[in-house]
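Asker: Sequence first, predicted model second:
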Amino acid sequence: MKFTSVLAAGTAAVLALGLTACGSSDDGGGGGDTEGVTITMLPKNLGNPYFEASTAGAEEAAGELGATVEEVGPDTGSPDAQVPFINTAAQQGVGALVVSANDPTAIGDALQEARDAGTKVVTFDSDTEPQFRDLFINQASAEGIADKQLELISDQIGGEGEIAILSASANATNQNAWIALMEEKLASDYPDIELVETVYGDDDDQTSFDKTAALLQSHPDLKGIVSPTTVGIAAAARYVSTSEYKGEVAVTGLGTPNQMREYVEDGTVEAFALWNPTDLGYLATQAAAALAAGDITGEEGETFEAGRLGEFTVGADGEVLLGEPYVYDESNIADFDF
């Protein structure tokens, strides 16, 4: 499935309710020259509609700033596969590298070498250890994402029963953080819901499809599947939609409207969540350009302007927060195109 760039303008206000305007500061906030800044966009893997959307946002921001963006990346979401692209970006002397990390530490040495060569490093979507980058553009707080997914699955299974998690790779930083928080919250706040298994589809459609089938066969009393990855939730919904489990097993998690629309409309999926990946790529590129231009250094308390999204403040450990998760269901999914 290919994402088309025409949606960039149409999704400008998707997360208006979740975006947080930040207080002003004398640190940062503009004045540098972003004209001609070169930025390399390195997603976890190519061919993923989620990252196609974030790259569209990056291109939108670059066009406004007079910067240039080139997307590169591996076909599979493995940490080692990202290293050559990081090395090439450093050798080319790009102004900034925007990367969604497949592992919090495995690409750290390569990122540090890029920084030593003068390339600013911004992580988005999935972080590294803080010492390996200048900023992390976080789509939403880990707590907010975990809470929202548990709220959704609890509502859809009536607050009790067995559930399973279908994640991306076993090393995916963001999914692992969300899962750990969900496990804690299940134990404390959802005593009647049991997490029976967590499996990994490696952000591959067929693998995720097969893992869904295996879960349903292994756990005949399963009431729901939570998939905190856009590839996984779509594959799980596709399997359930044509199976005996449709209407019996809830599927929710994090997905894009274009992937999930048919499954919401045919009743396979009641509701799911996400942020706006177009806005995420847009914000990451605005931040990367601000770093490369010298507007900010990544220190806590600095502020910078992010075009149509407004002003943002750098938080602790160089984190910049986009907003809160947004829920898509039958009442609103037709309003979005990404």
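Answerer: Structure received.
Asker: can you pull out the strands in the stretch 101-250 of the chain?
Answerer: For the stretch 101-250 of the chain, the strands defined by DSSP state E, counting those that start in this stretch occupy 120-124, 135-138, 161-167, 193-200, 222-227, 250-253.
Asker: could I get the ones you listed as a markdown table with mean pLDDT and distance to residue 148?
Answerer: In short, each C-beta sits where N, CA and C put it, glycine included. Compiled in a markdown table, the strands of the stretch 101-250 of the chain are given as follows (pLDDT from 0 to 100; distance: least, C-beta to C-beta, whole Å):
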| stretch | mean pLDDT | distance to residue 148 |
| --- | --- | --- |
| strand 120-124 | 98 | 19 |
| strand 135-138 | 97 | 14 |
| strand 161-167 | 98 | 14 |
| strand 193-200 | 98 | 15 |
| strand 222-227 | 98 | 11 |
| strand 250-253 | 98 | 10 |
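Asker: how about those in TSV, adding mean neighbour count and distance to residue 299?
Answerer: Converted to TSV, these look like this (neighbours: other C-beta atoms under 10 Å; distance: least, C-beta to C-beta, whole Å):
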stretch	mean neighbour count	distance to residue 299
strand 120-124	28	13
strand 135-138	27	10
strand 161-167	24	33
strand 193-200	18	36
strand 222-227	25	37
strand 250-253	30	35
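Asker: Nearest to the spatial middle of this structure, which residue is it?
Answerer: The chain has residue 125 as the residue nearest its centroid, 3.9 Å off, counting by C-alpha atoms, centre = their mean.
Asker: In three-state terms, label the spatially closest residue to residue 289 that is not a sequence neighbour for me.
Answerer: In space, residue 289 comes closest to residue 34 once its chain neighbours are excluded; the distance is 4.3 Å by C-beta to C-beta, 6 or more residues apart in numbering. Following DSSP: H, G, I helix; E, B strand; the rest coil, residue 34 is assigned to coil.
Asker: how much space between residue 34 and residue 322?
Answerer: Residue 34 is 20 Å from residue 322, where distance means C-beta to C-beta, to the nearest Å.
Asker: got it, and residue 72?
Answerer: As defined by C-beta to C-beta, residue 72 lies at a distance of 23 Å from residue 322.
Asker: Between those two, which is the more surrounded one?
Answerer: Legend: neighbour count by other C-beta atoms under 10 Å for residue 72 and residue 322, higher for residue 322 (25 against 16).
Asker: Give me the spatial nearest neighbour of the more buried one, chain neighbours excluded.
Answerer: Nearest residue to residue 322 in three dimensions, chain neighbours excluded: residue 139, at 5.2 Å (C-beta to C-beta, 6+ apart).
Asker: Distance check, that neighbour against residue 228.
Answerer: 12 Å.
Asker: intersection of neighbour lists for these two?
Answerer: Shared contacts of residue 139 and residue 228, defined by C-beta atoms under 8 Å, 6 or more residues apart in numbering, comprise residue 145.
Asker: How about the backbone phi and psi for the residue nearest to residue 322?
Answerer: phi -70, psi -30 (degrees, to the nearest 10).
Asker: So it sits against residue 278, correct?
Answerer: No: counting by C-beta atoms under 8 Å, residue 139 does not reach residue 278; the two are 11.4 Å apart.
Asker: Any stretches of this protein with poor pLDDT?
Answerer: Along the chain, the parts satisfying pLDDT under 70 run over 1-32.
Asker: now the helices: where do they sit in it?
Answerer: Listed in chain order, the helices of the chain (DSSP state H) span 7-10, 49-65, 79-92, 108-116, 142-157, 173-189, 205-218, 230-241, 257-265, 277-292.
Asker: and residue 247, which of these is closest to it?
Answerer: Of all the helices of the chain, helix 230-241 sits nearest to residue 247, with 8.9 Å by C-beta to C-beta.
Asker: What angle do helix 173-189 and that closest one make with each other?
Answerer: Interaxial angle, helix 230-241 versus helix 173-189 (axes from the mean of the first three to the mean of the last three C-alpha atoms, to 10 degrees): 60 degrees.
Asker: any idea how far helix 230-241 is from the chain center?
Answerer: Offset of helix 230-241 from its chain centre (C-alpha atoms, centre = their mean, to the nearest Å): 17 Å.
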